[in-house]
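J.: next comes the sequence, and after it the predicted model I'd like to discuss.
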Amino acid sequence: MGWLQKLQHRWKAGSIWQVFAILLTFACTGLTVVYLMRPILHYFFGNEIPGWARVVYYIFILPIYNLILLFYGFIFGQFKFFLEFEKRFFRRIGSLLKK
């Protein structure tokens, strides 16, 4: 079994094309978050961006990342998959915070 078939089974995707759409959604979301980093940090810090600012950016971008993920999921026809993905993600975070 190849890695695409393993992802298809794990994600309960109907086809390999759906797996490609899911991977494309993750890729576009990640690229968007990285693309937004420079202008946002440039706005706050100018030309000298300290290393710690990038770490703080990645922590604070998490809620926005989730919205962008849902947006791209909608664009690529995978909104239902990513809505369930987000629900599982936040349930896990909630259970970790309760401990």
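T.: Thanks, I have the structure now.
J.: any residues touching the worst-scoring helix or strand of the chain on mean pLDDT, and which ones?
T.: Within the chain, confidence by mean pLDDT, DSSP states H and E is lowest for helix 79-98 among all helices and strands, at a mean of 88. Helix 79-98 is contacted from outside by 11, 13, 18, 22, 25, 66, 69-70, 73, using C-beta atoms under 8 Å, 6 or more residues apart in numbering. Glycine gets a C-beta too; all of them are placed from N, C-alpha and C.
J.: regarding this structure, what is its longest helix?
T.: In the chain, ranked by residue count with DSSP state H as the criterion, the top helix is helix 16-45.
J.: off-centre distance for that helix?
T.: Distance of helix 16-45 from its chain centroid, counting by C-alpha atoms, centre = their mean, to the nearest Å, is 7 Å.
J.: what does stretch 79-97 give?
T.: Worked out by C-alpha atoms, centre = their mean, stretch 79-97 lies 12 Å from the chain centre.
J.: which of the residues in the least confident helix or strand of the chain are buried?
T.: The neighbour-count check on helix 79-98 (16 or more other C-beta atoms under 10 Å) flags 81-82, 85 as buried.
J.: and the angle from it to helix 16-45?
T.: Per axes from the mean of the first three to the mean of the last three C-alpha atoms, to 10 degrees, the angle that helix 79-98 makes with helix 16-45 is 60 degrees.
J.: returning to that earlier point: tell me what the longest helix of the chain is packed against?
T.: When contacts are defined as 3 or more C-beta pairs under 8 Å, 6 or more residues apart in numbering; DSSP states H and E, helix 16-45 packs onto helix 3-11, helix 51-60, helix 62-75, helix 79-98.
J.: for Val33, which of the ones you listed is the nearest?
T.: Of all the helices and strands packed on helix 16-45, the one in closest proximity to Val33, counting by C-beta to C-beta, is helix 62-75 (5.5 Å).
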